[in-house]
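Visitor: model the following, please.
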Amino acid sequence: MSQKIGLFYGTTTGVTESIAETIKEMMGDDVVDLYDIAEADAEDFSEYEYLIIGCATWNIGDLQSDWEDFFDNLDEIDFNGKTVAYFGPGDQIGYDHSFQDAMGMLEEKISSLGGKTVGYTSIEGYDFNESKAVRDENKFCGLAIDEDNQSDLTQERVTAWVEQLKKELQL
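Guide: Numbering: from 1, shown residues only. You can find the predicted model right below:
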């Protein structure tokens with residue numbers, strides 16, 4: 001397995017793709033391989049010990065459509081020994097009862113298949129009521145981005161998270 005990181009994202013409006021490209025740039029272009037999940041297959045995951053999964057939450061707690069199409073394929077992937085970080089855009093005001101649900105659903109599924117989660121972030125600074133991405137009552141299972149209401153915080157949040165990941169992955 002490569003020490004490179006496989007970053008798999010789904011994008012509809014381009015926001016998740018843009019964040020994925022920023023993460024790749026910050027981690028180091030030679031460190032991260034980007035995959036649009038719409039064009040990926042299960043075998044693409046096998047090359048990597050480290051994965052980053054990016055998925056926006058759509059409608060009321062739905063996976064982005066390309067991830068929805070790919071979801072059942074996750075069962076074909078051996079996540080044992082893989083370390084996985086998650087990020088996702090969402091709208092904490094308009095969808096305060098399903099904020100970041102897609103990230104939570106993917107993390108729960110991949111963890112059940114043996115993936116080890118890293119990159120937890122605090123829920124502090126967000127204003128929402130419910131989320132399937134919250135763990136231990138005070139942490140998201142990844143990086144929560146809200147381009148709709150807090151776009152001014154995106155760069156700072158991504159930068160801090162990438163630095164955290166570099167430490168957690170010992171890169």
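
Visitor: drop to CA atoms for contacts and neighbour counts, all remaining ones
Guide: Fine.

Visitor: so who does residue 88 touch?
Guide: 16, 54, 55, 56, 57, 100, 102, 103, 142, 143, 144, 145 (C-alpha atoms under 8 Å, 6 or more residues apart in numbering).

Visitor: who wins for neighbours among those residues?
Guide: Counting neighbours by other C-alpha atoms under 10 Å, residue 100 comes out on top of the contacts of residue 88 with 37 neighbours.

Visitor: how near is that one to residue 87?
Guide: 9 Å (C-alpha to C-alpha, to the nearest Å).

Visitor: what's the answer for residue 153, then?
Guide: Taking C-alpha to C-alpha, one finds residue 153 at 14 Å from residue 87.

Visitor: residue ranges with poor pLDDT in the protein?
Guide: For the chain, the stretches with pLDDT under 70 are 1-2.

Visitor: so which elements touch whichever helix in it runs longest?
Guide: Longest helix in the chain by number of residues, with DSSP state H as the criterion: helix 151-168. Helix 151-168 is packed against helix 15-27, strand 143-145, with contacts defined by 3 or more C-alpha pairs under 8 Å, 6 or more residues apart in numbering; DSSP states H and E.

Visitor: which of these sits most buried?
Guide: strand 143-145 (a mean of 27; mean count of other C-alpha atoms under 10 Å).
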